[in-house]
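K.L.:
Quick one, fold the following:
(one chain, ligands or ions: 1)
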Amino acid sequence: MKLLEKAKKVIVVELDPRMVLELQRRVQGTPYANNLQIIHGDFMRVELPYFDLCVANIPYNISSPLTFKLLAHRPAFRAAVIMYQHEFAMRLVAKPGEPLYSRLAVNTQLLARVSHLLKVGKNNFRPPPKVDSSVVRIEPRHPPPPVNFLEWDGLVRLCFSRKNKTLGAIFKQPNTLQALESNYRTYQALAAGAAGAGPSGATASIATLGGAGDDDAMDADGGEEEDGVEGEEDAMAVDGAAGGAGGKAAGGRRRGGARVSQEFKDLVVKVLTDNGLDTNRSSKMSQEEFLALLALFNAAGIHFA
Ligand SMILES: C[S@+](CC[C@H](N)C(=O)[O-])C[C@H]1O[C@@H](n2cnc3c(N)ncnc32)[C@H](O)[C@@H]1O
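P.N.:
Have a look, this model is predicted:
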């Protein structure tokens, strides 16, 4: 009601028909009835209308895809104030070098400024849930960074598959080199066929970044985080295939014993060492450093999607 008093128009997305009815009952006959639009459906499936502010106490089991759906929405909203499970919130706002810094943090902070506003202990609710909550403010960056999100996500997934290893070590792994060389050859072949063309699907949606990955799985009801570090086989798409579906091949299972050329190994090492990046660790790299790393690799013809 407070929101309805202040805002010209409030749009609600709600899945539960009982909640929809209750909401309708509460505004019926009030001056606010005309200010409220209720979209009855699954947030992840509905088409969102224009909005400039978002305020939400969300179902925690869709925290990551919901956040990236919001961040992919155009035109971009001004700000969102969202309550998350406390642990998830702390991972969203973690900075390079902090223990909770992860793919989730770097992807979110690529697209938005995020700040932790307040912790809401479980005892503020009746009955108390199992988990504490936190309210986070999200402000999308204007303009959004000029980056191919498929490429970006391929690189970041790979780097965070072993976030405490050096880049030198990550990029020495045979499976990684095989997948990268395959992409490299595909790009070369395509470039030979049509100057400047990359594989199709090179422009990815931001929503790609919300896909389940090595570090953004959370228990719906707030149990322990799954700390599963996924194998590097899910790290990138190969052969120019768009999206994560192609990623399995990077593990080499389908590829068997394909060899990596010395020339390609040398090229990868050169990109890292010439730029003093081989000793960097993902756990301490900012999103600016990941952007620079991606630009250096791409300039050398090395692609992650
Ligand atoms: C205000 S409650 C908060 C729940 C709490 N944060 C948790 O995760 O247990 C979340 C509301 O979102 C609704 N909801 C759940 N899943 C939804 C979805 N996919 N799309 C839209 N609304 C949904 C629920 O019916 C409920 O009214």
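K.L.:
which strands and helices sit next to the host helix or strand of Lys265?
P.N.:
Using DSSP states H and E, Lys265 falls within helix 262-274. Counting contacts by 3 or more C-beta pairs under 8 Å, 6 or more residues apart in numbering; DSSP states H and E, helix 262-274 packs against helix 167-170, helix 174-193. Where you see a C-beta, it was placed from the backbone N, CA and C, and this is true even at glycine.
K.L.:
rank the ones you listed by mean pLDDT and give me the bottom one.
P.N.:
Least confident of the helices and strands packed on helix 262-274, judged by mean pLDDT, is helix 174-193 with a mean of 92.
K.L.:
With respect to Thr67, which of the helices and strands packed on helix 262-274 lies nearest?
P.N.:
Closest approach to Thr67 among the helices and strands packed on helix 262-274 (C-beta to C-beta): helix 167-170, 26.3 Å.
K.L.:
which outside residues touch the closest one?
P.N.:
For helix 167-170, contacts defined as C-beta atoms under 8 Å, 6 or more residues apart in numbering pick out 158-159, 161-162, 176, 232, 269, 272-273, 277-282, 293.
K.L.:
so what's Lys119 up against?
P.N.:
Lys119 touches 86, 132-134, counting by C-beta under 8 Å, 6+ apart.
K.L.:
out of these, who's nearest the ligand?
P.N.:
Relative to the ligand, the closest of the contacts of Lys119 is Ser133; by C-beta to the nearest ligand atom it sits at 6.9 Å.
K.L.:
how deep is the closest one tucked in, by neighbour count?
P.N.:
Residues lying near Ser133 (other C-beta atoms under 10 Å) number 23.
K.L.:
Could you find the closest non-adjacent residue to it?
P.N.:
Spatial nearest neighbour of Ser133, excluding adjacent residues (C-beta to C-beta, 6 or more residues apart in numbering): Val120 at 4.3 Å.
K.L.:
Could you give me the PyMOL syntax to select whichever of the contacts of helix 167-170 are buried?
P.N.:
In PyMOL, this line selects whichever of the contacts of helix 167-170 come out buried by 16 or more other C-beta atoms under 10 Å:
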select buried, resi 158+159+161+162+176+232+272+277+278+280+281+282+293
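K.L.:
Return only those of the contacts of helix 167-170 found close to the ligand.
P.N.:
The overlap between the contacts of helix 167-170 and the neighbours of the ligand (C-beta under 6 Å from any ligand atom) is empty.
K.L.:
and which of the contacts of helix 167-170 is nearest Pro146?
P.N.:
Taking the contacts of helix 167-170 together and measuring to Pro146 by C-beta to C-beta, the closest member is Leu293, at 15.5 Å.
K.L.:
May I ask which helix or strand encompasses that closest one?
P.N.:
Going by DSSP H and E, Leu293 is part of helix 287-299.
K.L.:
Could I get the pLDDT score of Ala249?
P.N.:
pLDDT, read off for Ala249, is 34.
K.L.:
do the same with Ala197
P.N.:
51.
K.L.:
coming back round to it: let's have the helices and strands packed on helix 262-274 in CSV, adding distance to Glu263.
P.N.:
Putting the helices and strands packed on helix 262-274 into CSV (distance: least, C-beta to C-beta, whole Å) gives the following:
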stretch, distance to Glu263
helix 167-170, 18
helix 174-193, 9
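K.L.:
what about Arg126, which SS state?
P.N.:
coil (DSSP: H, G, I helix; E, B strand; the rest coil).
K.L.:
no no, His116
P.N.:
When classified by three-state DSSP, His116 comes out as strand.
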